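> can't give you the sequence, but here's the structure:
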């Protein structure tokens, strides 16, 4: 009974978001949803692709060479992360029920947050800063494996979202 | 010369790709691998391009150049998975202007990569971490970045032009 009340309450909120002017504009505009989708794809690609490439490098793939002070690129990746969040929020605003009623959406979010936390730890505490160590330590390699695994799972969860959605819009 | 979509799909049926892609999770799984490849390509080649263009001064261009083999492998993965989409539903792609443009940008990016190894790689590998790249390398990096961005964007745009709702203006 409590769960049913909770579900009805969340449906009410989702319906309210779905009927806001912004949500309707995102759905009905010729370009808004599509532009958000393209920006989201590019920013996620840059963010996760760069993090994955660095993980592979830390794990020792590629020609032997000192680990570059890649933390210099951190501000750019922070920017890409924020662009992903904003564009993702626009996509969710357009079809709130489609995302919120799909358990995979929460799994994707959890995986992404965990991947970004581990990547940040690898960069800050793992020594990928100017003057850091030139070969990866066991700790760095453990962080890199965790980060890589979470990134791949987050990307897979993101791609499966569209194929597992059960609800597109809520009826009044 | 007219390309026959049925003949292309025949390849997919004969090789078992059609059957795999039409299972419950076949298409999204291949789609995931395709995007993992594209993201890795952007994260490796894109990072080197940005450094050549002056972003992240202090990171040696040679060390980023060593990430490029991952980008090449990632391109291979994306090409293989992209071919699986194409042979499974050739009519959705053959006459789709976004797909045709995507192939054009991939070809330009390929030629540009060859140009990179002719005009820029020697300077890049010899440069110190704080050095600026020569103009020729910057031009190649800019073209590379624009081409791969266009490839990803056009990959998304393909869904707009899915036949029969839209037709190709020049086919």
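Yes, it's here. Because the structure is predicted, anything quoted here is derived from the model rather than measured.

> from here on, contacts and neighbour counts on C-alpha atoms
Fine.

> how close does the closest residue to residue A:118 other than its chain neighbours get to chain B?
Beyond its immediate neighbours in the sequence, the residue positioned closest to residue A:118 (C-alpha to C-alpha, 6 or more residues apart in numbering or on different chains) is residue A:147, lying 5.8 Å away. Counting by C-alpha to the nearest C-alpha, to the nearest Å, the separation of residue A:147 from chain B is 14 Å.

> residues near residue A:147, how many?
By other C-alpha atoms under 10 Å in any protein chain shown, 29 other residues sit near residue A:147.

> Can you give me every residue that contacts it?
By C-alpha atoms under 8 Å, 6 or more residues apart in numbering or on different chains, the residues touching residue A:147 are A:51, A:52, A:55, A:115, A:116, A:118, A:119.

> got it, and residue B:146?
Applying C-alpha under 8 Å, 6+ apart, no residues qualify as near residue B:146.

> what do you get for residue B:33?
Residue B:33 sits next to A:156, B:77, B:78, B:81 when contact means C-alpha under 8 Å, 6+ apart.

> The last one touches residue B:30, doesn't it?
Yes. Between residue B:81 and residue B:30 there is a contact under C-alpha atoms under 8 Å: 6.0 Å.

> Pull up the gap between the closest residue to residue B:67 other than its chain neighbours and residue B:19, please.
Counting by C-alpha to C-alpha, 6+ apart, residue B:67 lies nearest to residue B:44, which is 5.7 Å off, once chain neighbours are set aside. As for residue B:44, its distance to residue B:19 is 33 Å (criterion: C-alpha to C-alpha, to the nearest Å).

> Quick check: pLDDT value at whichever residue of chain A sits closest to chain B.
For chain A, the residue closest to chain B is residue A:50, as judged by C-alpha to the nearest C-alpha, at 3.6 Å. As summarised for this prediction, residue A:50 has a pLDDT of 85.

> Point me to the helix or strand that includes it.
Element membership for residue A:50 (DSSP states H and E) is helix A:32-58.

> Ok, residue A:90 next?
In this assignment (DSSP H and E), residue A:90 forms part of helix A:74-94.

> Name the next helix or strand following the helix or strand hosting residue A:106 along the chain.
When elements are assigned from DSSP H and E, residue A:106 belongs to helix A:103-125. Using DSSP H and E, the helix or strand that follows helix A:103-125 towards the C-terminus is helix A:138-164.

> Whichever strand or helix holds residue B:125 near chain A at all?
For residue B:125, the element it lies in under DSSP H and E is helix B:121-126. No. Judged by C-alpha under 8 Å from any C-alpha of the partner chain, helix B:121-126 and chain A are separated, with a smallest distance of 12.1 Å.

> by how many degrees do the helix holding residue A:106 and helix A:138-164 diverge?
With axes from the mean of the first three to the mean of the last three C-alpha atoms, to 10 degrees as the criterion, the two stretches helix A:103-125 and helix A:138-164 enclose an angle of 160 degrees.

> outside of helix A:103-125, which residues touch it?
By C-alpha under 8 Å, 6+ apart, the residues outside helix A:103-125 that reach it are A:51, A:70-71, A:99-100, A:128-129, A:140, A:143-144, A:146-148, A:150-151, A:153-155, A:157-158, A:160-161, A:164.

> now it: how far from the chain's centre is it?
8 Å (C-alpha atoms, centre = their mean, to the nearest Å).

> Next, the buried residues of it.
With burial defined by 16 or more other C-alpha atoms under 10 Å in any protein chain shown, the residues of helix A:103-125 counted as buried are A:104-105, A:108, A:111-112, A:114-116, A:118-123.

> Perfect, that will be all.
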